[in-house]
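Visitor: Predicted model and sequence below, questions to follow.
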Amino acid sequence: CGYVGVQRNLRFDQDPGSPTYCYIFISRRSRERQGTRFVVRGLDKDGHAANFVETEQIILAEGAEGAFASHVQTRGSIPTVWDQLVTTKYMPRVKLHEDRERAFGAFEAHFHGEHSIDNYGAVTCVNLIDRTGTSRSVQDQRGLGETYESFVGKLGDPRLRLVWFDFHHECRKMRYENLGKLVAQLDSDIDRFDFFLRLANGRVVRWQQGCFRTNCMDNLDRTNVVQAILARQVILRMRETLLGIDMGAEEDKPEDMVHLATAAAGGSPSEPRDSPPPSPETEKATSRSFPQSVLRSPHADFERALQTCWRDNAN
């Protein structure tokens with residue numbers, strides 16, 4: 001089970017005579033360890049992660065050209081043995097398995113099986129759970145994240161990397177522009193992992209060399225936002241290859257990251273801001289309306305396709 005979406009007749013250049021492309025979005029949900037939030041968490045003894053999903057985006061040249069580019073990402077519950085049993089409390093407590101050796105065995109099985117490093121190549125795990133704060137919920141998440149970090153270190157595979165980005169802290173008060181910090185940490189991996197590219201004559205000239213595995217607690221909203229931003233960064237690189245366009249500074253505009261994050265989280269994009277950045281006082285006063293004042297993507301067709309597909313269909 002999963003989802004397939006197709007968006008046709010898309011252009012990077014709005015010139016009516018420019019090439020058109022088809023955007024194909026495929027989410028493949030694992031048949032193992034499915035379940036609703038809170039009820040099913042973490043790994044089973046065989047290393048299967050709760051709600052593990054592999055998502056592929058494909059850009060296919062329409063017409064006689066036939067070239068296409070493809071990129072794969074994954075998401076899944078935090079890969080250790082843990083529970084979060086439902087109670088009457090708003091945020092149920094996290095319970096880590098007491099047998100750490102068994103938990104590590106499941107972690108090892110996950111990255112040698114379901115999410116095999118040998119199959120996916122290098123893996124960068126993007127962990128979006130809370131780290132900063134004193135509440136019980138944050139303490140629970142911090143303990144879960146620290147276990148994740150320790151297991152990555154214990155596995156000792158140089159192909160496996162963990163980046164912990166405290167999404168709620170960094171993006172508090174709708175400061176989605178801070179996602180630029182995360183993209184900066186992942187930028188070299190985006191380039192290094194590359195994407196698959198097959199030319200019209202059938203010749204494969206590029207292979208994807210690695211994969212991003214993203215998680216938050218529920219693998220829903222925060223994960224949707226970050227996976228969508230990674231997808232957009234990859235599309236900009238695909239464009240550079242498919243059209244031979246020099247991306248220049250256009251690729252790394254933090255406002256564009258804000259735009260996509262807002263849309264992926266259910267916001268409503270609008271017109272670009274022509275004014276200079278606001279002062280701290282103005283920014284604080286307008287923090288609640290920030291999502292309505294972000295820059296448009298340079299490629300409106302693909303931005304709409306990304307918003308449509310990534311908002312609710314990757315999980």
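Guide: That came through fine.
Visitor: Ramachandran angles for Ala69?
Guide: When read as degrees, to the nearest 10, the backbone of Ala69 gives phi -120, psi 150.
Visitor: So what's the residue count around it?
Guide: Neighbourhood size, Ala69 [other Cβ atoms under 10 Å]: 23. The C-beta positions use only the backbone N, C-alpha and C, and glycine is treated the same way.
Visitor: how about the strands of the chain, start to end?
Guide: 2-10, 21-29, 53-61, 68-75, 82-83, 95-96, 122-127, 160-164, 196-198, 204-206, 210-215 (DSSP state E).
Visitor: any chance of the ones you listed in a markdown table, plus mean pLDDT and distance to Met174?
Guide: Below are those laid out as a markdown table (pLDDT from 0 to 100; distance: least, Cβ to Cβ, whole Å):
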| stretch | mean pLDDT | distance to Met174 |
| --- | --- | --- |
| strand 2-10 | 92 | 28 |
| strand 21-29 | 95 | 27 |
| strand 53-61 | 95 | 26 |
| strand 68-75 | 96 | 23 |
| strand 82-83 | 91 | 30 |
| strand 95-96 | 90 | 32 |
| strand 122-127 | 98 | 21 |
| strand 160-164 | 98 | 22 |
| strand 196-198 | 95 | 35 |
| strand 204-206 | 94 | 37 |
| strand 210-215 | 98 | 21 |
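Visitor: Please name whichever of the ones you listed is nearest to Gln307.
Guide: Across these, Gln307 has its closest neighbour in strand 2-10 (10.4 Å, Cβ to Cβ).
Visitor: distance between the closest one and the chain's centre?
Guide: 18 Å (Cα atoms, centre = their mean, to the nearest Å).
Visitor: Which residue ranges of the stretch 51-200 of the chain form helices?
Guide: 100-112, 117-120, 136-155, 167-170, 179-193 (DSSP state H, counting those that start in this stretch).
Visitor: sorry, back to before: now distance to Val225 too, for the strands of the chain, in TSV please.
Guide: Formatted as TSV, those follow (distance: least, Cβ to Cβ, whole Å):
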stretch	distance to Val225
strand 2-10	18
strand 21-29	16
strand 53-61	14
strand 68-75	12
strand 82-83	23
strand 95-96	26
strand 122-127	11
strand 160-164	15
strand 196-198	24
strand 204-206	27
strand 210-215	10
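Visitor: Point out the one among those that comes closest to Phe151.
Guide: Smallest distance to Phe151 across those (Cβ to Cβ): 9.0 Å, for strand 160-164.
Visitor: Mean neighbour count added to the helices of the stretch 51-200 of the chain, as TSV?
Guide: Shown next, in TSV, are the helices of the stretch 51-200 of the chain (neighbours: other Cβ atoms under 10 Å):
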stretch	mean neighbour count
helix 100-112	18
helix 117-120	14
helix 136-155	17
helix 167-170	18
helix 179-193	16
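Visitor: picking up where we left off before, show me the one of the strands of the chain that comes nearest Asp312.
Guide: Nearest of the strands of the chain (Cβ to Cβ): strand 2-10, 8.9 Å.
Visitor: okay, that closest one in PDB with CA atoms only?
Guide: Provided in PDB are the C-alpha atoms of strand 2-10 (Å, rounded to 0.1, in the frame of the first residue of the first chain):
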ATOM      1  CA  GLY A   2       1.000   3.600  -0.400                       C
ATOM      2  CA  TYR A   3       0.300   6.400  -2.800                       C
ATOM      3  CA  VAL A   4       1.000   7.400  -6.400                       C
ATOM      4  CA  GLY A   5       0.600  10.900  -7.700                       C
ATOM      5  CA  VAL A   6       1.200  12.300 -11.200                       C
ATOM      6  CA  GLN A   7       1.400  16.000 -12.200                       C
ATOM      7  CA  ARG A   8       1.700  16.600 -16.000                       C
ATOM      8  CA  ASN A   9       2.600  19.400 -18.300                       C
ATOM      9  CA  LEU A  10       5.000  21.100 -15.900                       C
END
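Visitor: List of residues touching that strand?
Guide: Applying Cβ atoms under 8 Å, 6 or more residues apart in numbering, the contact partners of strand 2-10 are 20-29, 53, 62, 301-302, 304-305, 308-309, 313-314.
Visitor: Give the buried residues for that strand.
Guide: Of all the residues in strand 2-10, those buried under the rule 16 or more other Cβ atoms under 10 Å are Tyr3, Gly5, Gln7, Leu10.
Visitor: before we move on, what about stretch 50-69?
Guide: For stretch 50-69, burial by neighbour count (16+ other Cβ under 10 Å) applies to 50-61, 67-69.
Visitor: ok, of the residues you listed, which one's closest to Asp140?
Guide: Nearest to Asp140 among the buried residues of stretch 50-69, with distances taken as Cβ to Cβ, is Ala50, at 16.7 Å.
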